[in-house]
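Chemist: Model the following, please.
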Amino acid sequence: MYLRDGCSLLLKVRKPSIPLVLNTNPIFNLESNSQPQPTNAPSVEEFHVLKRLKHERDIGLALEYFKSLANSGAFKHTQFTYQLMIEKLGRNCEMDGVQYLLQQMKLEGVACSEDLFICVMNSYRRAGLADQALKMFYRIREFGCKPTVKIYNHLLDALLGENRFQMISPVYNNMKGEGLEPNGFTYNMLLKALCKNGKVDGACKLLEEMSNKGCPPDAVSYTTIVSSVCKLGQVEKAKELAKGFAPVVPVYNALINGFCKEYKIKEAFCLLNEMVFKGIDPNVISYSTIISCLSDMGNIDLSLAAFAQMLERGCSPNIHTYSSLIKGYLLGGKLGEALELWNLMIMEGIKPNVVSYNALIHGLCRIGNMADAISICNQMEKSSCSPNVTTYSTLISGFAKAGDLLGASAIWNKMINCGCHPNVVVYTTMVDVLCQMSMFNQVHSLIENMVADGCPPNVVTFNTLIKGLCANGRVEGAMSVLHQMEKYDCLPNIRTYNELLDGLFRVNRFREACGLIKDIEDRNVELNTITYNIIMHGFSSVGMQERVFQILGKMLVNGVNPDAITVNVIIHAYSKLGKVRTAMQILDKYTEEKELYPDIISHTCILWGICNWLGTEEAVVYLHNKMLSKGILPNVATWDVLIRGLKFSYIVYELERSDASTKAPSWPVGVDGVHPPTKIPIPVPPSPSAKGNEPQRRPLQLSKQGQVLEIAIETAANVILDLKNSLNDWDSKVGDGDCGSTMYRGAKAILEDIKNYPLNDAAETVNEIGSTIRRAMGGTSGIIYTIFCKAAYTQLKPSSGSVVTPKQWAEALAASIAAVSKYGGASAGYRTLLDALLPASSVLQEKLNAGEDPITAFVLSSEAALTGAELTKKMQAQAWRSTYVSSELLSTVPDPGAMAVATWYRAAALAVQQKYKS
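Modeler: This is a model prediction of the structure:
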């Protein structure tokens, strides 16, 4: 893209609206100065022009307005209007338009400021045109602008973004030659360039130069080096390097990310603890990185523990934290918990973004719940969060896996109509959909469209097509695609050959398969376990069992490890040869060494051999000893083998026994017939409505329930005020030392707000207490108590406006405890406030069910709460901050949170008892 000099410049702009404006109506009329400009046109203020350009979203209309002003003579464009228009063009990568406006500025004598030229550099960077940025930079003086350090920095950034390392050094030398001193930004970009180029030692030397030049390295400098070494897979080396740097949070985060990339979660936690030990507060990135890693590993329980630790240390989660947890729940198939957390996230005021929406949609697609996935996508659009290419790709893939190919096609059409540009992943997914529909002509057309669209197919695209053709029996077409890949400069990989070999063997094209194997070896393509398995199975299927063992030997010599499929192929081969004992020994060997675990295919192969070579009696013994006694259920293929080899009556008898009780966990019925206990449902409050946000008002006259609530709340709050110092003393030994102060803030705020509580409505009063706590307390305690109150409110909501029964209060307490346990990651015996609440809830429900007087039951449950709180001295902490305190120190004081909740609960119970006595 080059410009011609003068006003006859013609543009070739990418977007359709821009060429229309530029080609049909030249922006300025510079062909003749003899034609007078209109003199009666009303003048326009610069302020109004800038405002109009800024708020015009359609770039074509903005440019039309820009040129109409110039042609009308009502306004002479200034440096600022030019800059704004250039910025708009640059953001849309309309570089022809940017260059044209620069040329017009030059012709009109409008000086180019530093900021405007930086805007031009950034436009080239966005467009991926670093070469053009450099050429434009060398013309900088033509536009009345001098090079500055700031401009050099943006040029270096553009070059660095495209890895033009060979250009960076000359530009840097040119900068110093002009007498310009590099600043921290300059050095950091040079550090990044060295690290991206693999020259970490040079980067470390540059750190020394920075200090010598009076420009000390900052957190970005250190983090750049550490991150780069981690990306090279040398996390331990990065950790050693970091010891010589200033201990800052970004460096620790880079190391944590490095360890998490390698799934070394223990080392990541050690770094987190080291930060705390050194007095460095981990931030939301620190925790979210670990939580995301744990979720990817499928360890949702440990993710929740890290989340609880995060809350305990007063670090507020962000959208990434919640998205990671939701992803973890969905990977574990826990849709209900994922949706509960989604609602909690919204309740906490965190607005979902495209990443969180995509995580939820992916989880729904993964379990085949396409109706809800579409519903979430629609909700996403209504929330002004536009679906991106990942959203559409996930939905297309979900419909395809669910067998709804028409649904997948509909999503594709919607994506195209919405103007969302498909990437190679979406194209490849659509190739898979069309292959499943046997629409191979359309597949070839789609691949041609990919090339025309500037999105060339990759090896995954071709592998998908080859797999589809082979599955359809069109092996010749698949081989043709293999040869066509060279046309697209796409080299086949081992996956390509695996699909072709499998397809050839399936249609008994043995000769072509052998020819392809030779071709693979000639190309020095490394065979993997799957390749060897396909080849061995292919030879075994045509009765060449001895050849199977030769290939196995070659596989082991080449250092390729066998897997369960390999073992099954070998077992089948030995069974075919009548060497059933050898097959059984091989299976036992791998089982004893715990390298591989036999599956139903392994046992079916063995049984086939036994039935054909050793007789029915041994087959019966094997069925009992190796399968049924271990809870391994025969499948249809297994029964087919047995029916052919054994007497039918005996098989019927065994089929009847297959439903008998057993201790085997994989069988559907346990030996005692007892199912796991039902969990307490955890209600999560819905997103607050506009009505719910309106302030509540205290009723003019309190009902009896309102009077009881008032005395209970005031007494509970006042006792917490008195307990402040004791709580702080206890917490100073096992926590942050501020438990009393935090609880004090909450209690004081409740006493101030109670005058506005709708005390005659118990549910709304509990909700208002939660709102007060959320506003006033802060910290982990604030979050925990907010969850507590909101869960109780949701449980009590159906009874809003009426008198709450003792049983309903007990159910609300149980629901609150369940919610705190779920979102706080704690359970009984973890040394938390739950160790006071759980005994209280248990006693309360027990006494009420036994017909005990409700007031007496309340008081007795409060005694259980105090006892439970005192017993926390004997517990080893397993949740929240106390997990970092020694057992000896923990045994000297009770858990402050447990004591706080037990104290106010006890005070409320006694106050209610006194109220009813008077």
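Chemist: Just give the nearest non-adjacent residue to residue 602, would you?
Modeler: Counting by CB to CB, 6 or more residues apart in numbering, residue 602 lies nearest to residue 568, which is 5.4 Å off, once chain neighbours are set aside. For every residue, glycine as well, the C-beta is placed using N, CA and C.
Chemist: and that neighbour, how many residues sit next to it?
Modeler: By other CB atoms under 10 Å, the residues close to residue 568 number 22.
Chemist: Distance check, it against residue 596.
Modeler: Between residue 568 and residue 596 the distance is 10 Å, computed by CB to CB, to the nearest Å.
Chemist: Equivalent analysis for residue 406, please.
Modeler: 41 Å.
Chemist: Who has more neighbours out of those two?
Modeler: Set side by side, residue 406 and residue 596 give different neighbour counts by other CB under 10 Å, the larger being at residue 596 (19 against 9).
Chemist: For the more buried one, give me its contacts.
Modeler: Remark: with contacts taken as CB atoms under 8 Å, 6 or more residues apart in numbering, residue 596 is in contact with 562, 563, 564, 567, 590.
Chemist: and the last one, what element?
Modeler: The reference is to residue 590. If you go by DSSP states H and E, residue 590 is part of helix 580-592.
Chemist: I'd like the next helix or strand past that helix.
Modeler: Using DSSP H and E, the helix or strand that follows helix 580-592 towards the C-terminus is helix 600-609.
Chemist: Give me the distance between the nearest residue to residue 897 once chain neighbours are set aside and residue 890.
Modeler: Leaving aside its sequence neighbours, residue 897 sits nearest to residue 833 (CB to CB, 6+ apart; 4.1 Å). Distance from residue 833 to residue 890, counting by CB to CB: 15 Å.
Chemist: Can you tell me the SS state at residue 145?
Modeler: For residue 145, the reduced secondary structure class is coil; criterion used: DSSP: H, G, I helix; E, B strand; the rest coil.
Chemist: Now the phi/psi pair for it, please.
Modeler: In terms of degrees, to the nearest 10, the main-chain angles of residue 145 are phi -130, psi 140.
Chemist: for the closest residue to it other than its chain neighbours, what are its contacts?
Modeler: In this structure, residue 145 finds its nearest non-sequential neighbour in residue 112, 4.3 Å apart by CB to CB, 6+ apart. Residue 112 sits next to 79, 102, 105, 140, 143, 144, 145 when contact means CB under 8 Å, 6+ apart.
Chemist: Residue 481: which of those residues is nearest?
Modeler: Lowest distance from residue 481 to the contacts of residue 112 (CB to CB) belongs to residue 102, with 47.6 Å.
Chemist: In this structure the closest one contacts residue 120, no?
Modeler: Yes: when contacts are counted by CB atoms under 8 Å, residue 102 is listed as touching residue 120 (6.8 Å).
Chemist: which residues are in contact with both of those two?
Modeler: The contact sets of residue 102 and residue 120 overlap at 86, 136 (CB under 8 Å, 6+ apart).
Chemist: Where do the helices of the stretch 701-850 of the chain begin and end?
Modeler: Using DSSP state H, counting those that start in this stretch, the helices of the stretch 701-850 of the chain run over residues 704-722, 724-734, 739-753, 762-776, 779-796, 806-824, 834-849.
Chemist: Equivalent analysis for the stretch 351-500 of the chain, please.
Modeler: Along the stretch 351-500 of the chain, the stretches classed as helices by DSSP H, counting those that start in this stretch are 354-366, 370-382, 389-401, 405-417, 424-436, 440-452, 459-471, 475-484, 494-506.
Chemist: Name the SS class of the residue nearest to residue 145, please.
Modeler: Following three-state DSSP, we place residue 112 in the coil state.
Chemist: That one and residue 226, how far apart?
Modeler: Relative to residue 226, residue 112 is positioned 39 Å away (criterion: CB to CB).
Chemist: How about residue 794?
Modeler: From residue 794 across to residue 226, the span is 46 Å (CB to CB).
Chemist: who has more neighbours, those two?
Modeler: A count of neighbours by other CB under 10 Å puts residue 226 above the other of residue 794 and residue 226, at 27 against 21.
Chemist: got the contact list for the more buried one?
Modeler: Under the criterion of CB under 8 Å, 6+ apart, the contact list for residue 226 reads 238, 241, 242, 245, 251, 254, 255, 258.
Chemist: show me what contacts the fifth one?
Modeler: To tie it back to what came earlier, the one meant is residue 251. Contact partners of residue 251, counting by CB under 8 Å, 6+ apart, are 219, 222, 223, 226, 242, 245.
Chemist: and it, what helix or strand is that in?
Modeler: Assigned by DSSP H and E, residue 251 falls in helix 249-261.
Chemist: For residue 283, what are phi and psi?
Modeler: Main-chain dihedrals, residue 283, degrees, to the nearest 10: phi -100, psi -170.
Chemist: Please report how far it lies from residue 257.
Modeler: Spatial separation of residue 283 from residue 257 under the definition CB to CB is 13 Å.
Chemist: the more surrounded of those two?
Modeler: residue 257 (21 against 17).
Chemist: Where does the spatially closest residue to the more buried one that is not a sequence neighbour sit: helix, strand or coil?
Modeler: For residue 257, the nearest residue in space outside its immediate sequence neighbours is residue 289; the separation is 5.2 Å by CB to CB, 6+ apart. Classification of residue 289 by three-state DSSP places it in helix.
Chemist: residue contacts, residue 289?
Modeler: Residues touching residue 289, when contacts are defined by CB under 8 Å, 6+ apart, comprise 253, 256, 257, 260, 268.
Chemist: quick one: secondary structure of the last one?
Modeler: Using three-state DSSP, the secondary structure recorded for residue 268 is helix.
Chemist: Would you mind getting the angle between the helix ranked longest in the chain and helix 806-824?
Modeler: As far as residue count goes, and with DSSP state H defining each element, the longest helix of the chain is helix 896-917. Between the axes of helix 896-917 and helix 806-824, defined by axes from the mean of the first three to the mean of the last three CA atoms, to 10 degrees, the angle is 170 degrees.
Chemist: Pull out the buried residues from helix 896-917.
Modeler: Along helix 896-917, these residues count as buried under the neighbour rule (16 or more other CB atoms under 10 Å): 896-912, 915.
Chemist: Which strands or helices does that helix pack on?
Modeler: For helix 896-917, the elements it packs on are helix 704-722, helix 724-734, helix 739-753, helix 834-849, helix 854-871, judged by 3 or more CB pairs under 8 Å, 6 or more residues apart in numbering; DSSP states H and E.
Chemist: so which of the ones you listed comes closest to residue 377?
Modeler: For the helices and strands packed on helix 896-917, the distance to residue 377 is smallest for helix 834-849, at 38.1 Å, taking CB to CB.
Chemist: Many thanks, I have nothing further to ask.
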